[in-house]
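In: A predicted structure for the sequence below; I have some questions about it.
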Amino acid sequence: WNALIITAADKAVHGPMLTLESSQTKSMLDSKVWTAYYCAKYLSPKIQDGGAVVFVTGILNRRPGLNCVPLAMANGALEALTRSLALEWGPRLRVNCLSPGFCDTERFHHMDPTKKQHMLDNTAASLPLQRVGRPNDMGEALYYLATASFCTGVVLDVDGGHMIRQYANPTNDPMRKK
């Protein structure tokens, strides 16, 4: 193998930390952090010298969102794992991390179509590139991180400017209404 790309995660849980069941947070950490840890630990020896391990996190670690503590924790842990393993496994393997911003994927297929479209439009309007990410945007970044021979320990934001955006107006954002 040339590369191992790990994107596994259960559905993200949202809500105020004090009211979320601790088991929901633990499940999120198990699915996103421990799955990545075990995949890297047990599959990396099969990667050829000069290959790469690439994790996928998300913007919520460094730009937290309201009611997103479990996902922010999981993303932070994976970004720390990225940098630690890059030190430990170099020069044999490179270890990098993709941090996508808001991306229109199948994770929103369960939503009411009108609410989903409003959410996508509202988010896009708040981004400097005026659109949300698409799966091919993330695929291009993953390919780069897996093949760039002088890139290790990197957390690459592919977010349409999310890190510098102004947040959506909470009065018309369906995801922020109470």
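Out: Arrived safely, thanks for sending. Numbers count the residues shown, from 1 in each chain.
In: Quickly find the element holding the closest residue in space to Ala3 that isn't next to it in sequence.
Out: Nearest residue to Ala3 in three dimensions, chain neighbours excluded: Ala146, at 3.9 Å (Cβ to Cβ, 6 or more residues apart in numbering). C-beta coordinates here come from the backbone N, C-alpha and C atoms, glycine included. Taking DSSP states H and E as the criterion, the element that holds Ala146 is helix 135-147.
In: returning to that earlier point: quick one: the residue nearest to Ala3 and Ala52 touch, right?
Out: Yes. Counting by Cβ atoms under 8 Å, Ala52 is a contact partner of Ala146 at 4.8 Å.
In: Give me the common contacts of these two.
Out: Residues touching both Ala146 and Ala52 by Cβ atoms under 8 Å, 6 or more residues apart in numbering: Asn2, Ala3, Asn96.
In: Of these, which is the most crowded?
Out: Of all the shared contacts of Ala146 and Ala52, the highest neighbour tally under other Cβ atoms under 10 Å goes to Asn96, namely 26 neighbours.
In: Contacts only, for that residue.
Out: With Cβ under 8 Å, 6+ apart, Asn96 has these contacts: 52-55, 82, 86, 145-146, 148, 151-156.
In: Going along the chain, name the strands of the chain.
Out: Taking DSSP state E as the test, the strands found in the chain are 3-6, 52-56, 94-100, 155-158.
In: Can you say which of those strands is nearest to Ala72?
Out: strand 94-100 (11.9 Å; Cβ to Cβ).
In: what mean pLDDT would you report for the closest one?
Out: Regarding strand 94-100, the rounded mean pLDDT is 97.
In: mind checking how far Arg92 is from Gln130?
Out: Going from Arg92 to Gln130 by Cβ to Cβ, to the nearest Å gives 42 Å.
In: The two: who's more crowded?
Out: More neighbours surround Arg92 than the other of Arg92 and Gln130, with 13 against 10 (other Cβ under 10 Å).
In: nearest residue to Lys116 other than its sequence neighbours?
Out: The spatially closest residue to Lys116, leaving aside those adjacent along the chain, is Phe108, at 5.2 Å (Cβ to Cβ, 6+ apart).
In: So in the protein, which helix runs the longest?
Out: In the chain, assigned by DSSP state H, the helix with the most residues is helix 69-89.
In: which helices and strands sit right next to that one?
Out: In terms of contacts (3 or more Cβ pairs under 8 Å, 6 or more residues apart in numbering; DSSP states H and E), helix 69-89 is packed against helix 22-29, helix 35-43, strand 52-56, strand 94-100, strand 155-158.
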